[in-house]
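just to be clear, the model below is a prediction. Sequence and coordinates:
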Amino acid sequence: MDYTSTPDEEPLKDVSSLEQGAPEPARPGPQSPASSQAAGGRDTALLAAFLENALDGVYMTDTKGTLLYINPKCEDVTGYGKDELLGRSFAGLGILPEKGPNNAVALLQEHVEGRPTRSAPVQLTNKAGRSVSVRMATNVIKGMDGNVILGTLRDMAGHESANEALPESEQRFRDLSERALVGMYILQDGVFRYANAMLARILGCEPGEMDGKPVRDVILPEDWPLVEKAMHRRISGELGSLHYEFRTVRKDGEVRDTEVYSSRTVYGGRPAIIGTYLDITERKRAEEEKKHNEQLTAALEMAGAVCHELNQPLQVISGHIDLLRMDSTDGRVNASLEVIKEQVDRMGSITRELMGLKKYSNRDYLGKSKITDIRRISREDGE
């Protein structure tokens, strides 16, 4: 590939002859001149294909800014054809800004002064007169025909509007999250990158304490393996979202039950986790109490049914005891029947108490377990 230069100069030969820094001497090797020439041809073809299909504009100028080469993307960005650009300069075409700072000229001046290469935003004016935002990067390379400047133009269309919208979107997110009645957070690299005021309150912290705080510091140690595994599954992309529960340790050491809804996101260009954080301690206590009450109600209903079934046989036994006592003249037999009668009456009293039981209180039984203290409840109900 050869590049057209100004009409008064000899054309540059080949991009493959332009190397960063001074040319290196030929290295001896087993390759024959023919094979070396073939390899060079392939390299040149590959380089030409890259330049002609690059997504950024690529150009070369001499140290005066005269264009020696432009690729098709440069034509797209500037609106000028190849024949209109080669042999001329961006400044001569009126493409560069006429007023205000001119970063393109500043880049060229930095190269002349030997300063390090960099990129800078430049506002071009294309052939149709429309302003085009580009990012220009340049570098000096040395070739057989002297120094040339290699530059790129990246069309920033769409990038600026997105960059402007990003702070606005972030502000809307913060406004919403700071008013939220639930904790909201962003996790990355195992630490909190963002936590709203409600989350700080749930954890007993000041809002400023949450930035950069390790997640592990607020998780009950026994529950940390569960949380760590869940975080890994979302960051790795195995799960897009997750809903689960674990226990949190507040700053004051109090353990609270927690429920999170979280999903994978991108923060600062890298994977992160965004989610909501709910303190469900009181809810779980209420659920446990409700469950306990339901179990108690079922037990009491069962006890009532059993007592009702027992009352009839107890009445039969009590009646027969009375008959035996009337017929017996043996004092010892009558004494035994009296004892039996007392115990049957006691059983009847217990069944009646159980049938009216609506609450319960436990007491120690044999020093090893708890049983319901029916007598105490009966006394309290009587009061």
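Done, it's in. Residues are numbered from 1 along each chain as shown.

can you pull the contacts of Gly204?
250-252, 254 (C-beta atoms under 8 Å, 6 or more residues apart in numbering). Where C-beta positions appear, they are placed from N, C-alpha and C, glycine not excepted.

average pLDDT across whichever helix or strand Glu282 is part of?
Using DSSP states H and E, the element containing Glu282 is helix 281-327. Mean pLDDT, computed over helix 281-327, is 81.

tell me the buried residues in the helix or strand following it?
With elements assigned by DSSP H and E, the helix or strand that comes after helix 281-327 is helix 331-355. Residues 337, 340-341, 344, 347-348, 350-351, 353-355 are the ones in helix 331-355 that count as buried (16 or more other C-beta atoms under 10 Å).

just give me the closest of these to Arg285.
Nearest to Arg285 among the buried residues of helix 331-355 is Leu354, at 28.6 Å by C-beta to C-beta.

contacting residues for that closest one?
Contacts of Leu354 (C-beta under 8 Å, 6+ apart): 303-304, 306-307, 374.

strands of the stretch 101-250 of the chain, residue ranges please.
With DSSP state E, counting those that start in this stretch applied, the stretch 101-250 of the chain shows strands at 119-125, 131-143, 146-155, 183-188, 191-195, 241-249, listed in chain order.

can those strands go into CSV with extra columns for mean neighbour count and distance to Thr61?
Output for these, formatted as CSV (neighbours: other C-beta atoms under 10 Å; distance: least, C-beta to C-beta, whole Å):
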stretch, mean neighbour count, distance to Thr61
strand 119-125, 18, 14
strand 131-143, 17, 9
strand 146-155, 19, 5
strand 183-188, 21, 43
strand 191-195, 20, 44
strand 241-249, 15, 52
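
with respect to Thr44, which of the ones you listed lies nearest?
strand 131-143 (13.7 Å).

now do the helix or strand hosting Val77: which elements does it pack against?
Per DSSP H and E: Val77 is located in helix 72-78. In terms of contacts (3 or more C-beta pairs under 8 Å, 6 or more residues apart in numbering; DSSP states H and E), helix 72-78 is packed against strand 57-61, helix 82-85, strand 131-143, strand 146-155.

now do the longest one, average pLDDT.
With pLDDT averaged residue by residue, strand 131-143 scores 82.

same check on the first one?
The average pLDDT within strand 57-61 is 90.

kindly report the same for the last one.
Taken as a whole, strand 146-155 has a mean pLDDT of 84.

helices and strands around that strand, which ones?
By 3+ C-beta pairs under 8 Å, 6+ apart, strand 146-155 packs against strand 57-61, helix 72-78, strand 131-143.

quick one: residues in contact with the first one.
Around strand 57-61, the neighbours that count as contacts under C-beta under 8 Å, 6+ apart are 3, 12, 51, 67-71, 73-74, 76-78, 89, 134, 148-155.

try it again with 6 Å
Residues outside strand 57-61 that contact it (C-beta atoms under 6 Å, 6 or more residues apart in numbering) are 51, 67-71, 73-74, 77, 148-153.

adjacent strands (with direction) for that strand?
strand 67-70 (antiparallel), strand 146-155 (antiparallel) (DSSP bridges).

what's the angle from that strand to strand 131-143?
Per axes from the mean of the first three to the mean of the last three C-alpha atoms, to 10 degrees, the angle that strand 57-61 makes with strand 131-143 is 50 degrees.

save the strands paired with strand 57-61 as TSV, and put in distance to Glu84 too.
Compiled in TSV, the strands paired with strand 57-61 are given as follows (distance: least, C-beta to C-beta, whole Å):
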stretch	distance to Glu84
strand 67-70	10
strand 146-155	16
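
out of those strands, the one nearest Gly240 is which?
Here strand 146-155 is closest among those (C-beta to C-beta), at 32.3 Å.

okay, the angle between that closest one and strand 119-125?
70 degrees.

flag the shaky bits of the protein, pLDDT-wise.
1-41, 98-105, 108-109, 111-118, 143-145, 158-173, 356-383 (pLDDT under 70).

what's across from the residue positioned nearest the centre of it in the sheet?
The chain has Ile273 as the residue nearest its centroid, 0.9 Å off, counting by C-alpha atoms, centre = their mean. Listed by DSSP bridges, the beta-bridge partners for Ile273 are Leu187, Arg264.

show me the contacts for it.
187, 234, 262.

now the farthest one out in this structure, which residue is it?
Furthest out from the centre of the chain (C-alpha atoms, centre = their mean) sits Thr329, at 91.1 Å.

what's the burial count for Asp83?
8 (other C-beta atoms under 10 Å).

one more: Asp279?
Counted with other C-beta under 10 Å, Asp279 comes out at 20.

so what's it up against?
202, 256.

from Thr78, how far out is it?
60 Å (C-beta to C-beta, to the nearest Å).

could you break this protein into its assigned domains?
15-23+34-157, 165-279, 288-358 (automatic domain parsing).

ok, what's across the strand from Thr258?
Phe246, Asp279.
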